[in-house]
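Asks: When you get a sec, could you give me coordinates for this:
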Amino acid sequence: MIIPNFKIILSAFVFSAFVSNAVSAQTKTEKTSMTAAKKDERPSPPKTAEATIGNLKVVVNYSSPGVKGRKVFGELVPFGKVWRTGANEASTIEVSRDCKVGGGMLRAGKYALFSIPGETEWTIIINSDTDQWGSYKYDESKDVLRFKVALKKTAELNERFKFEITSDERADGRMSIFWENTEITWEIR
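Replies: Numbering: from 1, shown residues only. Below you'll find the model as predicted:
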């Protein structure tokens, strides 16, 4: 008599675990969908820039703030301080193979992308800690590459912050940042 009750209890337990896992999976899917929808509704929505340069695939994920009538560089984004290079989470760059970026070598992988804006040049920082909000917990000891880039002033206002990746027929690439009246460009190949 004990054994049939044990089978019933065991069957109920297995069924309960199955239902619990199914509900958990559905809830996780709903949360992921809601999170993605909420990100799209942010004032600085998520964006992606991607390109293939020869046999190198480059993907940059970032959030795109707007100028909104503000003075950006030197005020909203101070000169001489580490910046997340976008809004919200730290921007990330992912490269499919070892490559040359801004004159230095970068191994294949995914990295956080920070910068230190200046009045005439910026320092671009590629850091191994990709899971960060902003640059609040930025740790210089995790930098894998740093290089300086001269800035250009653009005649046209770029209302939205954006990354752009371009290449030529020789598989030489360039990565650029545009925002307000500023353009920063460096090589990637």
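
Asks: now stretch 168-176, how far from the centre of its chain.
Replies: Using Cα atoms, centre = their mean, to the nearest Å, the distance from the centre of stretch 168-176 to the centre of the chain it belongs to is 21 Å.

Asks: Now the terminal residues of it, how far apart.
Replies: One end of stretch 168-176 sits 14 Å from the other (Cα to Cα, to the nearest Å).

Asks: mean confidence score for stretch 166-186?
Replies: Mean pLDDT, stretch 166-186: 92.

Asks: err, stretch 68-83, not the other one
Replies: Mean predicted confidence for stretch 68-83 is 95.

Asks: likewise stretch 131-141?
Replies: For stretch 131-141, the mean per-residue pLDDT is 88.

Asks: And for stretch 97-116?
Replies: Rounded mean pLDDT across stretch 97-116 is 97.

Asks: Going along the chain, name the helices of the protein.
Replies: 2-40 (DSSP state H).

Asks: Grab the longest strand from it for me.
Replies: strand 143-167 (DSSP state E).

Asks: That one: which residues count as buried?
Replies: Neighbour-count burial for strand 143-167, counted by 16 or more other Cβ atoms under 10 Å, picks out 143-146, 149, 151, 158, 161-163, 165, 167. Using the backbone N, CA and C atoms, a C-beta is placed for each residue, glycine as well.

Asks: what does stretch 98-109 give?
Replies: 99, 101-102, 106.

Asks: so how far is the first residue of it from its last?
Replies: Using Cα to Cα, the end-to-end distance of stretch 98-109 comes to 8 Å.

Asks: which residues sit against that stretch?
Replies: 56, 94-97, 124, 126, 144-147, 149, 175, 186-189 (Cβ atoms under 8 Å, 6 or more residues apart in numbering).

Asks: hmm, which of those are the buried ones?
Replies: By neighbour count, with 16+ other Cβ under 10 Å, the contacts of stretch 98-109 hold 56, 95, 124, 126, 144-146, 149, 175, 186-189 as buried.

Asks: of all those, which comes closest to residue 118?
Replies: Relative to residue 118, the closest of these is residue 149; by Cβ to Cβ it sits at 9.8 Å.

Asks: before we move on, the earlier item: got TSV for the buried residues of strand 143-167, with distance to residue 65 too?
Replies: Shown next, in TSV, are those (distance: Cβ to Cβ, whole Å):
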residue	distance to residue 65
143	24
144	26
145	25
146	24
149	20
151	18
158	11
161	5
162	10
163	13
165	19
167	27
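
Asks: This completes my enquiry, with thanks.
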